[in-house]
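Peer 1: please find the sequence and the predicted model below.
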Amino acid sequence: MAAEESRPLLGHSASDSGARVRDTKLYLAAFAALLGPLSFGFALGCSSPVIAELGKIGDPDLRLDGDRASWFGSVVTLGAAVGGVLGGYLVDKIGRKLSLMLCSVPYVLGYIVIISAHNVWMLYFGRMLTGLASGVTSLVVPVYISEVSHPKVRGMLGSCVQLMVVTGILGAYVAGITLKWRWLAVLCSFPSCIMLLFMSFMPETPRFLLNRNKRAEAVAALCFLRGPHADHEWECQQVEARVQEEGLNLSEFKNPSIYRPLLIGVALMFFQQITGINAVMFYAETIFEEANFKDSRMASVVVSSIQVCFTAVAALIIDKTGRKVLLYISGLIMALSTALFGLYFKMVLPNGNNSSNSDVWFTLNSASPGTESSISWLAVVSLGLFVAGFALGWGPVPWLLISEIFPLKARGISSGACVLTNWGMAFLVTKEFHDLIGFLTSCGTFWLFSAFCCLNVIFTAFYVPETKGQTLEQIEAYFGRI
């Protein structure tokens, strides 16, 4: 596949009727769905300011310190893994629109539990509920957006999923500077409530409706999304040509058109998490404090702002550059930056501490006097490079690709497997990171991440197809031919 990255999957382009398409209502539908990833981002971002505040609270039943804080931060990934499986079932059973509307319920319930919490178990349960909703959201929204979009804007709108996630994280960090934790939970519940309201006025995706033999409703949805002058009949015919009415049987996973995109999607999710994004973000506040950024909360805002900016850049250029180019650039930048991180820890930490102790604060404070401050710029530059590189490619592109490459009848179960892989790996990397440092040393751990980033680039070159400018039906036909 490497030789095919610069040309279309098939020889035909989208319909010439695209010139008559009006995108105003398409953007409105995408915005309504993107409030889900915004809620998802708030759920992820609120853990940092809440842990900081509850770590100092006087009530021992609510105090988050040590292992409690670790579970508060990571339990959301367990809920999201379950939500990914649930979302894979719901999206094919009741549809994309209704699945999105239903996931507002656990979001709101989760925040209500957190707001009324009197002990740490209520906090955990509230986080689990918001994680469950986040898992459903992370599966359904990319599918909804890819199915309502046409090829000219699908890459941009699909990348906005990750853009809204990092915007939500940034919003939670900024709000956490001034709001107490209960009021922060109230604020975090707003986007999901607005999504429920807006989505009630948006159409179901035409592909889902055609798959359920609801042609008149599919045409009405296309009329809403494309405007009255687009060639709705042509687009319906293109979808109908690939729709297969029978359900998906397990035996069909022997078919290369189903198992190949599934393997690519699962690998993309695995490689996204194994790049070390959670590890680098774990070190962020420590690194900024070494560089004399005394307010660690502002350091988090700086890092999140970098993510938002470069994810926005990716969204703007992805339909021109293509998916693979961004994955190449992103993987190489991350490989370089994690290698520099490893070099930084090799230079800063004495050999004894570097090889045996996994406590970041202990090892950094045990460094040779003056060493860490004299080269702290290296850590800050590495951090900035890594976050920018991740946001440019390996942050948004895998989520976009898994919404594009799966055949219609396998889209729910395949997307569910990918989301489960992503959140399962996120939990493992977050929980086992300290043990990995103790086993490989700090520098060895980051050099391992660098090696995985290099593997990302190789995997992209040989196995990831370029989907720029192709309809979902053309992409499905491509996997049916190889």
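Peer 2: Received the coordinates, thanks.
Peer 1: once you drop chain neighbours, what's closest to I94?
Peer 2: L102 (7.7 Å; CB to CB, 6 or more residues apart in numbering). For every residue, glycine as well, the C-beta is placed using N, CA and C.
Peer 1: cool, and V464?
Peer 2: Using CB to CB, 6+ apart, the closest residue to V464 is K324 (5.9 Å).
Peer 1: check which residues of stretch 224-240 are buried.
Peer 2: 224-227, 230-232, 235-236, 239 (16 or more other CB atoms under 10 Å).
Peer 1: among the residues you listed, which are in helices?
Peer 2: 224-226, 232, 235-236, 239 (DSSP state H).
Peer 1: re earlier: what is the nearest of the buried residues of stretch 224-240 to L336?
Peer 2: L225 (41.5 Å; CB to CB).
Peer 1: the residue most central in space within the chain: which element?
Peer 2: Nearest residue to the geometric centre of the chain (CA atoms, centre = their mean): Q162, 5.4 Å. Element membership for Q162 (DSSP states H and E) is helix 151-178.
Peer 1: ok, then the element right after that helix?
Peer 2: helix 181-199.
Peer 1: quick one: the residue nearest to the centre of the chain from A175, how far?
Peer 2: 20 Å (CB to CB, to the nearest Å).
Peer 1: for the stretch 1-150 of the chain, which segments are assigned as strands?
Peer 2: With strands called from DSSP state E, counting those that start in this stretch, the stretch 1-150 of the chain shows none.
Peer 1: low-confidence stretches in it?
Peer 2: Using pLDDT under 70 as the threshold, the predicted model of the stretch 1-150 of the chain has low-confidence ranges 1-19.
Peer 1: what segments of it are helices?
Peer 2: 24-45, 47-54, 67-93, 96-102, 104-115, 120-148 (DSSP state H, counting those that start in this stretch).
Peer 1: got CSV for those, with mean neighbour count too?
Peer 2: Listed next are these as CSV, based on neighbours: other CB atoms under 10 Å:
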stretch, mean neighbour count
helix 24-45, 24
helix 47-54, 20
helix 67-93, 21
helix 96-102, 23
helix 104-115, 22
helix 120-148, 26
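Peer 1: could the ones you listed go into a markdown table alongside distance to M202?
Peer 2: Putting the helices of the stretch 1-150 of the chain into a markdown table (distance: least, CB to CB, whole Å) gives the following:
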| stretch | distance to M202 |
| --- | --- |
| helix 24-45 | 5 |
| helix 47-54 | 30 |
| helix 67-93 | 15 |
| helix 96-102 | 6 |
| helix 104-115 | 13 |
| helix 120-148 | 9 |
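Peer 1: how about the ones you listed, which one is nearest G168?
Peer 2: Closest among the helices of the stretch 1-150 of the chain, using CB to CB: helix 24-45, at 2.0 Å.
Peer 1: next, the angle helix 120-148 makes with that closest one.
Peer 2: Calculated by axes from the mean of the first three to the mean of the last three CA atoms, to 10 degrees, helix 24-45 forms an angle of 160 degrees with helix 120-148.
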